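Asker: Build me a model:
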Amino acid sequence: MRLIAIGDIHGQLDKLNHLLAQIGPTGQDQFVFLGDYVDRGPSSKGVIQQLISFQMDYPQTVFIRGNHDQMFINVLQSCGLIKDSRFTQISNIWVRKKKKRADVRLFKQCGGEKTLESYHMQLIQKNAGFNLAGSIPPKHVDFLEKSQLYYEQDSYIFVHAGMNPHLPLNQQDQEVLMWDRSLTGGPSGKTLIIGHTPTVEGEPLIADDLIMMDTGAGCGGPLTAMDLLTGQVWQAS
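Answerer: You can find the predicted model right below:
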């Protein structure tokens, strides 16, 4: 068995395909994708479709929700296309810190235009709100809604960005799980596996209680996977 974590993809379908080809997945493997499937890269739609197909072949795969995935959910919910909750409905910290940053504006500022282009969709302002011209496949909506905020297995905790090590996972604020950059490790006896904050050298950063897997795939760096049980690393540039 291999326990394989994969960092932020950000619409880089070619890198994802190259990485998976190197790994050679088997039915004995457990994959955990750390979120940020969309934005910045050219193929957000293709990435999500590939991940849906991958889960059909490897149903034990876990998909963590990243902040970019949540921003896409925010916009789709605002346009009436998704039932999941926006940050303002699920995070007290978000309301205090970022309430003035409207869903659509923040999404576009963070690379969301590339996601819309990949789906051939446009956001059209109408009165005080927005309508979405175009469509997103229902299976893609379902994929986004079913993504998990955290996952725990044995001595590992997987989240997108970070956590408060003094609180149980079910008491964490979602803003911390998806946006935190404090780089605090896991609680006693646990190793925290995260994406979100790119490493400096384009290699995963490994500490006693923290492993950082975002190596900048969305900004020209490689996409990285690691077997946590053996330390083997794969990269696609």
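Asker: The residue nearest the centre of the chain - nearest residue in space that isn't next to it in sequence?
Answerer: The centre of the chain sits closest to residue 35, judged by C-alpha atoms, centre = their mean, with a distance of 1.4 Å. Excluding the flanking residues, the one nearest residue 35 by C-beta to C-beta, 6 or more residues apart in numbering is residue 66, at 2.7 Å. All C-beta spots, glycine's among them, are computed from the backbone N, C-alpha and C.
Asker: distance between stretch 58-67 and the chain's centre?
Answerer: With C-alpha atoms, centre = their mean, to the nearest Å as the basis, stretch 58-67 stands 8 Å off its chain's centre.
Asker: Show the average pLDDT along it.
Answerer: Mean per-residue pLDDT for stretch 58-67: 98.
Asker: List the buried residues for that stretch?
Answerer: Within stretch 58-67, the residues that qualify as buried are 61, 62, 63, 64, 65, 66, 67, counting by 16 or more other C-beta atoms under 10 Å.
Asker: Over to stretch 196-204?
Answerer: Across stretch 196-204, burial judged by 16+ other C-beta under 10 Å covers 196, 197, 198, 199, 204.
Asker: Just the strands from this protein, written as ranges.
Answerer: 3-6, 30-33, 62-63, 122-126, 129-133, 151-153, 156-158, 191-194, 205-206, 210-212, 223-227, 233-236 (DSSP state E).
Asker: Now those strands in CSV, please, with extra columns for distance to residue 142.
Answerer: Shown next, in CSV, are the strands of the chain (distance: least, C-beta to C-beta, whole Å):
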stretch, distance to residue 142
strand 3-6, 20
strand 30-33, 16
strand 62-63, 11
strand 122-126, 21
strand 129-133, 17
strand 151-153, 18
strand 156-158, 21
strand 191-194, 25
strand 205-206, 33
strand 210-212, 29
strand 223-227, 24
strand 233-236, 27
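Asker: Compare those strands and say which comes out lowest on pLDDT.
Answerer: Among the strands of the chain, strand 129-133 carries the lowest mean pLDDT (a mean of 83).
Asker: residues making contact with it?
Answerer: Residues outside strand 129-133 that contact it (C-beta atoms under 8 Å, 6 or more residues apart in numbering): 75, 76, 78, 79, 81, 104, 121, 122, 123, 124.
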